[in-house]
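# could you work out the structure for the sequence below:
(chains A, B, C and D)
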4 protein chains.
Amino acid sequence: MRKLMLSTILALSFMLSFSLPALAGSPVKTLPGDITLAQAQTILTAALKKAEAIKVPMNIAIVDAGGNLKAFYRQEDAFIGSIDISIKKAVTARYFNMPTRALGAASQVGKSLYGIEVSNDGLILFAGGVPLVDANNVIIGAIGVSGGSVDEDESVAIAGAAVIK
Amino acid sequence: MRKLMLSTILALSFMLSFSLPALAGSPVKTLPGDITLAQAQTILTAALKKAEAIKVPMNIAIVDAGGNLKAFYRQEDAFIGSIDISIKKAVTARYFNMPTRALGAASQVGKSLYGIEVSNDGLILFAGGVPLVDANNVIIGAIGVSGGSVDEDESVAIAGAAVIK
Amino acid sequence: MRKLMLSTILALSFMLSFSLPALAGSPVKTLPGDITLAQAQTILTAALKKAEAIKVPMNIAIVDAGGNLKAFYRQEDAFIGSIDISIKKAVTARYFNMPTRALGAASQVGKSLYGIEVSNDGLILFAGGVPLVDANNVIIGAIGVSGGSVDEDESVAIAGAAVIK
Amino acid sequence: MRKLMLSTILALSFMLSFSLPALAGSPVKTLPGDITLAQAQTILTAALKKAEAIKVPMNIAIVDAGGNLKAFYRQEDAFIGSIDISIKKAVTARYFNMPTRALGAASQVGKSLYGIEVSNDGLILFAGGVPLVDANNVIIGAIGVSGGSVDEDESVAIAGAAVIK
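All right, here's what the predicted structure looks like:
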């Protein structure tokens, strides 16, 4: 059979390369405590509810603890250009463990981090990205929202982040 | 009030720029018939069900008729590297209105489209991306799946695409 | 004082934005179990020892569980072009939870994953990247090595990976 | 033997291409006096010591005289987003042979180098990158530090740079 499942290749390659009894079982692939899809869906649902309440169509992105995309929704009529902004807001919030509003405040003209936005393939410096902190007080990712004013975006992000505390 | 909502700015700018009676109301922002978030969620749910049935953790991406990301899910333990692949599969399937398997067949060494993968910031040439065709026989987007063998990926994509026909 | 420490901004912004008792303490910023710098240094030392034993100057990169760079060494006379290759090998190995040799085998001309290398801003499909699996059988990152033949590179990567099991 | 070491290929290709007596031996691959890995490790150790003294987790990057990455460490809890910033600070400091603080001062709004940060795939304009000058008064590379306030970052960079003078 030509097309092996990647996970089978993994198991085989580990056995072939290392031949260690300790790897008889498949290794754990995700660090315990990282955000789950179920959590991300709960956050998206709460964020959507807020977006509908304020009647602003939104892009909503969620990244995990490593800053990698976990889930994403775009509502009807939400800006196409906000797909990338919402993802970058989530990435920015996790990469610096703070709301994008806070990073932006330190990066304005004349402030100490002026120009930081050219790093990391583009950071977003305005509000709408916030870290996701779970009930154990661990940062497990971040949410980024884009579609309305930055205050509206942030209100949706906060509504989403609130449900996993 | 300093921070205007972007959609208000949009409405104002349309009025200022065009001053057309036809634009007295806000313009329609999305093509009628384009994929809705509700449809995308239905597709994701069907795709997840299939992924769980075959026990392979997947990345599942959905793009709209313009080839722009509409919704995305990553299951626990699904490859991080498959985030990008699933999105590129969906984009590839919509950009060429065919399953990625078909484009791949035409792009192998010695075939007419050899090398096409370097265009469009990277196309994916193996199975797992399929166009989304609705009940009116209109292509409204595409789904891309990555995480298992290409046959498994495609089976999940087809399961997702089937629910909107 | 104009220049606040970023971590102070973080603490302040959390307090201002959320004002929650649960955030009176600073949140945990790193998922428990992720690779530590001390582990990375131990791995680098073991890898260097192997590189010196086979007399091939190497670039050695280590990424964490999220695929983000944790540590890096370039020996004298190691190829400049291998800086990027070693990092991409580590990223590739973590993104797909398998040695780059295994992914490469599935991506050759005529194989199911042909063309995968254009995804993720460039994957490396030859040997020299291996996942880092700790004593608890958890994948906590990956090591990528580049500088000699792919077999030599992989032997150095395996020597590095072996010390944390 | 199918897999030749790249350095053997290099030696062979030099002999084949040039057939020069002067190249009977392998050419010198690194400029005499360029930073060594041993020097980089000494610098990293001194920088880590300072980071621990001020209790701020840091990303620390070292580039050689060619501006190419030589060594890198990320401490636990240091910002993921500062990986790229620390490397860019080191590159910026070497590309212009001055501390990033000095380049930043000349690049503020209204100053002569305004906008320079978009060149070179992104320069960093705030403090934390400093050239590495050895005991012979030769610039052999640069160090970039990111994780705290720009003053803290720079203090760690200076502590690292001091040990090779």
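# CA only for contacts and neighbour counts going forward, please
Will do.
# can you list the residues of chain A near chain B?
Contacts of chain A with chain B, taken as Cα under 8 Å from any Cα of the partner chain, map to A:3-7, A:29-30, A:36-37, A:68-77, A:80, A:83, A:147-152.
# write the ChimeraX selection for whichever of those are buried.
Buried residues within these, by 16 or more other Cα atoms under 10 Å in any protein chain shown, are selected in ChimeraX with:
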select /A:4,5,6,7,29,30,36,37,68,69,70,71,72,73,74,75,76,77,80,83,147,148,149,150,151,152
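# next up, the contacts around A:V28.
By Cα atoms under 8 Å, 6 or more residues apart in numbering or on different chains, the contact set of A:V28 is C:N137, C:V138, C:I139.
# most neighbours among those residues, which one?
C:I139 (24 neighbours; other Cα atoms under 10 Å in any protein chain shown).
# what bridges to that residue?
C:V133 (DSSP bridges).
# among the residues of chain A next to chain B, which are in strands?
Using DSSP state E, A:L69, A:K70, A:A71, A:F72, A:Y73, A:R74 are the members of the residues of chain A next to chain B that sit in strands.
# quick one, phi psi at the one residue sitting closest to the centre of chain A?
When Cα atoms, centre = their mean is applied to chain A, the residue found nearest the centroid is A:V63 (1.8 Å). Here is the backbone geometry of A:V63 (degrees, to the nearest 10): phi -110, psi 160.
# report the contact partners of it.
A:L69, A:K70, A:A71, A:I87, A:A90, A:V91, A:R94, A:G141, A:A142, A:I143.
# distance-wise, check A:Q39 relative to chain D.
To chain D, A:Q39 is 23 Å away according to Cα to the nearest Cα, to the nearest Å.
# excluding chain neighbours, give the residue nearest to that residue in space.
A:I164 (7.2 Å; Cα to Cα, 6 or more residues apart in numbering or on different chains).
# hang on, the one you found packs against A:N137?
No - look at A:I164 against A:N137 with Cα atoms under 8 Å: they stay out of range, at 10.2 Å.
# separation between the residue nearest to A:Q39 and chain D?
In terms of Cα to the nearest Cα, A:I164 sits 22 Å off from chain D.
# all helices for chain A, in order.
A:6-18, A:37-53, A:82-95, A:100-105, A:150-162 (DSSP state H).
# can you give me the domain assignment for chain A?
Domain assignment for chain A by automatic domain parsing gives A:1-30, A:31-162.
# looking at those domains, which is buried most?
Ranked by mean neighbour count, the domains of chain A are led by domain A:31-162 with a mean of 23 (mean count of other Cα atoms under 10 Å in any protein chain shown).
# show the contacting residues for the closest residue to chain D within chain A.
Distance from chain D to each residue of chain A (Cα to the nearest Cα) is smallest for A:Y95, at 4.4 Å. By Cα under 8 Å, 6+ apart, the residues touching A:Y95 are A:G67, D:F79, D:I80, D:G81, D:S82.
# so what's the last one scoring on pLDDT?
When you say that, I think you mean D:S82. At D:S82, the pLDDT value in this model is 98.
# without its sequence neighbours, what residue ends up closest to it?
Nearest non-adjacent residue to D:S82 (Cα to Cα, 6+ apart): D:S146, at 5.4 Å.
# and A:R101, by the same measure?
When the adjacent residues along the chain are set aside, A:R101 lies closest to A:A127, with 4.1 Å between them (Cα to Cα, 6+ apart).
# my guess is that neighbour contacts A:M98. True?
No - at 10.6 Å, A:A127 and A:M98 do not qualify as touching, with contact defined as Cα under 8 Å.
# hang on, the earlier thing: grab the nearest non-local neighbour of the residue nearest to the centre of chain A.
That would be A:L69: by Cα to Cα, 6+ apart, it lies 4.3 Å from A:V63.
# does the one you found really touch B:I83, like I thought?
Yes - here A:L69 reaches B:I83: they are 7.0 Å apart, a contact under Cα under 8 Å.
# quick check: neighbours shared by the two?
Jointly contacting A:L69 and B:I83 under the rule Cα under 8 Å, 6+ apart are B:R74.
# now flag whichever of the contacts of A:Y95 is closest to C:Y114.
When those are compared for distance to C:Y114 (Cα to Cα), A:G67 wins out at 27.4 Å.
# so what's that closest one closest to, chain neighbours aside?
Of all residues not flanking A:G67 in the chain, A:V91 sits nearest, at 5.4 Å (Cα to Cα, 6+ apart).
# that older thread, now the residue nearest to the centre of chain A, which residues is it bridged with?
A:L69, A:A142.
# that one and A:I43, how far apart?
For A:V63, the distance to A:I43 (Cα to Cα, to the nearest Å) stands at 12 Å.
# between the two, which contacts overlap?
With Cα under 8 Å, 6+ apart as the test, A:V63 and A:I43 reach no residue in common.
# pretty sure A:T92 is touching D:G81, no?
Yes - in this structure, A:T92 is within contact of D:G81 by Cα under 8 Å, at 7.4 Å.
# average pLDDT for stretch A:68-79?
When pLDDT is averaged over stretch A:68-79, the result is 98.
# so how far is that stretch from its chain's centroid?
Centroid displacement of stretch A:68-79 relative to its chain, using Cα atoms, centre = their mean, to the nearest Å, is 11 Å.
# start to end distance for it?
End-to-end distance for stretch A:68-79, by Cα to Cα: 22 Å.
# give me the contact list for it.
By Cα under 8 Å, 6+ apart, stretch A:68-79 touches A:37, A:40-41, A:44, A:56-64, A:83, A:87, A:91, A:147, B:29-30, B:36-37, B:69-75, B:80, B:83, C:66.
# chain B versus A:V118, what's the distance?
Distance, A:V118 to chain B, by Cα to the nearest Cα: 20 Å.
# enumerate every residue touching the nearest residue to that residue once chain neighbours are set aside.
Closest residue to A:V118 apart from its sequence neighbours, by Cα to Cα, 6+ apart: D:G122 at 5.4 Å. For D:G122, the contact set (Cα under 8 Å, 6+ apart) comprises A:V118, A:S119, D:K88.
# where does D:G122 land on pLDDT?
98.
# repeat that for the one 10 residues further on.
Among the per-residue scores, D:L132 holds a pLDDT of 98.
# spell out which parts of chain A neighbour chain D.
A:92, A:94-97, A:109-110, A:112-116, A:118-120.
# out of the residues you listed, which two sit at the greatest distance?
A:R94 and A:G110 (24.5 Å).
# quick check: A:K165 touching A:D134?
Yes - applying Cα under 8 Å as the test, A:K165 and A:D134 come out as touching, 4.7 Å apart.
# tell me how far stretch A:108-126 is from the chain's mean position?
19 Å.
# okay, how far is it across that stretch, tip to tip?
Using Cα to Cα, one end of stretch A:108-126 lies 10 Å from the other.
# next one: stretch A:117-137
From its first residue to its last, stretch A:117-137 covers 28 Å (Cα to Cα).
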